[in-house]
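Undergrad: could you look at this predicted model? Sequence included:
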Amino acid sequence: PIHRGLIVRERILCQDLPPPPPGVTAEPPELDPSLTTRERYRTHSEVHPCVDCHRLIDPVGFAFEYFDGVGRLREDDFGHAIDAAGEIIDSGDPTLDGKVANAIELIQKLAESPRAEQVFVRHAFRFWMGRNETVNDAPILQDAHRAYTASGGSMKALLVSLLTSDAFLYRTR
């Protein structure tokens with residue numbers, strides 16, 4: 001659940017989280033079939049140096065509990081009922097924040113989110129420009145986002161906007 005929560009936070013919501021504090025191991029808790037996955041990871045929300053980040057990561061990752069470590073659908077959590085309830089907290093978009101029943105609900109929320117759409121445009125910018133954006137790139141990102149939304153989500157319109165921008169045409173190596 002931690003890796004899944006991190007992926008959503010960092011790649012879909014574009015939120016950079018710090019690495020674990022010094023001296024804290026990033027190893028998953030020991031497998032104990034008498035505990036659910038949620039119970040095994042409970043210490044993250046109780047131990048002081050971990051709480052700040054894991055309160056953001058874990059609830060998102062738990063929404064994917066119906067899937068095992070390689071993404072296969074699973075019927076139970078080591079013989080226990082699966083609790084796939086999750087929550088998006090402090091996403092930067094109050095309309096996106098809130099509880100979700102499972103991964104499907106989480107994905108639907110993200111798919112309808114203007115924030116996730118803007119992050120998608122930002123990732124396209126980073127890929128095609130070969131660099132991260134700067135403050136000066138804000139107008140280019142806004143134009144690309146407008147082109148993307150005006151076209152009903154056309155990747156072609158997004159690419160045309162990015163690849164005809166001054167940032168692309170006059171980039172340096």
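TA: Structure received. Residues are numbered from 1 along each chain as shown.

Undergrad: the closest residue to Arg9 other than its chain neighbours and Val70, how far apart?
TA: Counting by Cβ to Cβ, 6 or more residues apart in numbering, Arg9 lies nearest to Gln15, which is 4.9 Å off, once chain neighbours are set aside. Placement of C-beta: from N, CA and C, glycine included. Shown here: Gln15 relative to Val70, a distance of 26 Å by Cβ to Cβ, to the nearest Å.

Undergrad: would you mind telling me which of the two has the busier surroundings?
TA: Gln15 (16 against 5; other Cβ atoms under 10 Å).

Undergrad: can you show me the strands along the chain?
TA: 86-88, 98-100 (DSSP state E).

Undergrad: and the contacts of the first one?
TA: Strand 86-88 has contacts (Cβ atoms under 8 Å, 6 or more residues apart in numbering) with 59-64, 96-100, 102-103, 106, 109.

Undergrad: check the gap between Tyr41 and Glu27 for me.
TA: 12 Å.

Undergrad: the more surrounded of those two?
TA: Tyr41 (19 against 7).
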